[in-house]
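S.K.: Would you be able to build a 3D model of this:
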Amino acid sequence: MLIIDAHAHLWDKQKGKVNGKAVYDIGGGKSDFGGEIRQMLPPYMTDGVNSAERLISNMDYAGVSGAVITQEYIDGNQDKYLLTAKEKYPDRIKICALYEEKELKDIDGFDGIKICASRLKDQKLLNHLHPFEVADKKGMFISIDLADGDIQTDELDKIAKMFPGLRIAVGHFGMVTRKGWQEQIKLAKNKNVFIESGGITWLFNSEFYPYPSAVKAIKEAAELVGFNKLMWGSDYPRTMTAITYTMSLDFIRKTNEITEKDKALLLGENAVGFYGFKKLTEPPRVKNMVED
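M.R.: Residues are numbered from 1 along each chain as shown. Predicted coordinates:
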């Protein structure tokens, strides 16, 4: 089974903003998050660098073949670093350029465009057609995280219909623990819209592994749009402050509530077609030190 992570992050140096305040590394995996100290990375990532090499190592250990690197305003623009990472791992990762409410320039080499819609100063998506137009023209995909509930769903539905050939991935599983999350899932009734689960373990963190309510939500979403429209994502590395990378996958891989056929769709087959991965292989299984 080929497994693809549809939602991961990388950065060389975190230099972002949240609510107009700075976000930056202070060591020990911690960051100043707009004046509040947060554990941004697992504590063993002491240098604050969220590197491609570390992600690939985690992917190999968990049996993940490919990953899609998205972006977030809280990390700062990482376009330059992502191009370097893709040059080193061209067959393993797809990368997104970050839309920052201005004209997109110099995005050659990128596979997609990330829109942090919930953090836009102007949250009316119809006022932000530029990234959709660019992605459609260049054959790229859109990775978008929407505001909670149905605040932006009507406008994204209109945009999906305006650009029927444009691939659009809605992140954070529609902000699944927020009221009205199903409206975001229903966007995948459009042929060109898919849903990815990056951040689902964050949203169900209070329940913790093996996240039975997250599994239930995945099944509910499948009832609405079908397993063929859903993709797994880890939201690496922030979710790894609570669990391991393998655990972010195993709550799906090991559940008996989803059939093996549907797991294959969710964990990789859908993403292969959506993102256009071509040369993936399964990482070899390496026995670890606690196994007999």
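S.K.: How many residues are close by residue 217?
M.R.: In terms of burial, residue 217 registers 22 neighbours under the definition other C-beta atoms under 10 Å. In this view, the C-beta of every residue, glycine as well, is placed from N, C-alpha and C.
S.K.: Could you do the one 4 residues further on as well?
M.R.: Counted with other C-beta under 10 Å, residues neighbouring residue 221 total 25.
S.K.: try residue 128
M.R.: A total of 19 residues lie near residue 128 under the criterion other C-beta under 10 Å.
S.K.: Could you check the pLDDT of it?
M.R.: Residue 128 is assigned 97 on the pLDDT scale.
S.K.: swap in residue 105?
M.R.: In this prediction, residue 105 carries a pLDDT score of 86.
S.K.: And for the one 10 residues further on?
M.R.: What the model reports as pLDDT for residue 115 is 98.
S.K.: Just list whatever residues bridge to it.
M.R.: Counting by DSSP bridges, residue 115 is bridged to residue 144.
S.K.: And the helices in the stretch 51-200 of the chain, which stretches?
M.R.: If DSSP state H, counting those that start in this stretch is used as the criterion, the helices of the stretch 51-200 of the chain fall at 52-62, 79-88, 129-138, 153-162, 181-185, 200-203.
S.K.: And the strands in the stretch 151-292 of the chain?
M.R.: In the stretch 151-292 of the chain, the segments counted as strands under DSSP state E, counting those that start in this stretch are 167-170, 193-196, 230-231.
S.K.: could you say what helices and strands the last one packs with?
M.R.: The one in question is strand 230-231. Identification of packing neighbours for strand 230-231 by 3 or more C-beta pairs under 8 Å, 6 or more residues apart in numbering; DSSP states H and E yields strand 193-196, helix 212-225, helix 270-275.
S.K.: Pull up the pairing partners for it, direction included.
M.R.: Looking at strand 230-231 with DSSP bridges, its paired strands and their directions are strand 193-196 (parallel).
S.K.: quick one: which of the helices and strands packed on strand 230-231 is nearest residue 206?
M.R.: Closest to residue 206 of the helices and strands packed on strand 230-231, according to C-beta to C-beta: helix 212-225, at 9.6 Å.
S.K.: For the closest one, buried residues please.
M.R.: Neighbour counts using 16 or more other C-beta atoms under 10 Å place 214, 215, 217, 218, 221, 222, 224, 225 of helix 212-225 among the buried residues.
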